[in-house]
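Asks: Got a sequence here, can you model it:
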Amino acid sequence: MSNREARMSGDRMSQAWDWLSTYPIQPHPELGRDGVVCPYMVKAIRRRYVTMTEFDASEGDQAFMALARKLRDGVLERAGELGSDRLYLVGMAVPYGLPDAELKAMVARVHAALKPEFVARGLMIGDFWPEHETIGLHNDDFRPFTSPIPLLGMRHITPADLPFFVKHEPVPAERLRLLGNFRRLFDGRLNAYWSERLLEAELTAEQELSLSRAAA
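Replies: Just a heads-up that it's a prediction; the model follows:
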């Protein structure tokens, strides 16, 4: 790595850490509920469960996916040592070396490609970039995935993540697949509230899928 590349990487890592250690662990006036933006990040940072890795984006999508899988495997391996604390393990990939528009496009592609396999392994995978378009769960005017630079993050799925699979997946067939993975992950371990929400989500997705097929 050249001195210029090292400075570029270091600057990006600093920006990512400054954002991660402030924005998600504080309340936000547009959040739409009480509490901080991401409750899991509070303990993740306090207990030093965050692994942040830089990535030279000039290496391309396949290399980025390989890095993301390596981060995932590290999270899953460490999870076995932590018991219930595994929920607070976070992996974050910080790309650099290309214009932000290209980094954003790369993060979006890699996120879309890896999401099904990560969910099947029990992990959320999230894409973040400036002026992210995805709306909040509790307020459509809130943009929870907005960050100062493009990033790719991951953590374990919890029952409270169910709404992400409902509100943020518009395609009924894909939503059903994700909900099926969710049901498998928490088989026999959901309380009555989340069991009912999951069943409602599955029925709604099935109805939407039937309607779309009938209209085709």
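Asks: what's the burial count for Ala16?
Replies: 24 (other C-beta atoms under 10 Å). From N, CA and C alone the C-beta is placed, and that goes for glycine too.
Asks: tell me the secondary structure for the most centrally placed residue in the chain?
Replies: With distances taken as C-alpha atoms, centre = their mean, Gly126 lies nearest the centre of the chain, 2.2 Å away. With DSSP: H, G, I helix; E, B strand; the rest coil as the basis, Gly126 sits in strand.
Asks: ok now do the residue nearest to it when sequence neighbours are not counted, which residues does it touch?
Replies: Leaving out its chain neighbours, the residue that sits closest to Gly126 by C-beta to C-beta, 6 or more residues apart in numbering is Gly153, at 4.7 Å. Taking C-beta atoms under 8 Å, 6 or more residues apart in numbering as the criterion, Gly153 is in contact with 90-93, 125-126, 128.
Asks: hmm, back to that, confirm for me that the residue nearest to the centre of the chain is in contact with Val110.
Replies: No: the criterion here is C-beta atoms under 8 Å, and Gly126 misses it with Val110 at 11.5 Å.
Asks: can you list residues touching both of the two?
Replies: The contact sets of Gly126 and Val110 overlap at Leu152 (C-beta under 8 Å, 6+ apart).
Asks: all strands of the chain, in order?
Replies: Ranges of strands in the chain, per DSSP state E, are 50-56, 90-96, 123-128, 151-156.
Asks: Where does pLDDT dip in this protein?
Replies: Counting by pLDDT under 70, the chain shows low-confidence ranges at 1-8.
Asks: count of residues packed around Pro24?
Replies: Pro24: 22 surrounding residues under other C-beta under 10 Å.
Asks: How about the contacts made by Arg143?
Replies: Contacts of Arg143 were listed using C-beta under 8 Å, 6+ apart, and they are 131-136.
Asks: An error on my part: the question was meant for Gln15.
Replies: Shown in contact with Gln15 (C-beta under 8 Å, 6+ apart): 148-149.
Asks: Spit out the contact partners of Tyr49.
Replies: So Tyr49 contacts 43, 82, 85, 88-90 (C-beta under 8 Å, 6+ apart).
Asks: Need the single longest helix in this structure, by residues.
Replies: With secondary structure taken from DSSP state H, the chain has its longest helix at helix 192-215.
Asks: Okay, buried residues for it please.
Replies: For helix 192-215, burial by neighbour count (16 or more other C-beta atoms under 10 Å) applies to 194, 198, 201-202, 205, 208.
Asks: Could you single out the nearest of the contacts of Tyr49 to Ala214?
Replies: Taking C-beta to C-beta as the measure, Ala214 lies nearest Val90 of the contacts of Tyr49, at 42.5 Å.
Asks: For the closest one, give the beta-bridge partners.
Replies: Beta bridges link Val90 to Val50, Arg155, judged by DSSP bridges.
Asks: pretty sure it contacts Arg46?
Replies: No: look at Val90 against Arg46 with C-beta under 8 Å: they stay out of range, at 11.9 Å.
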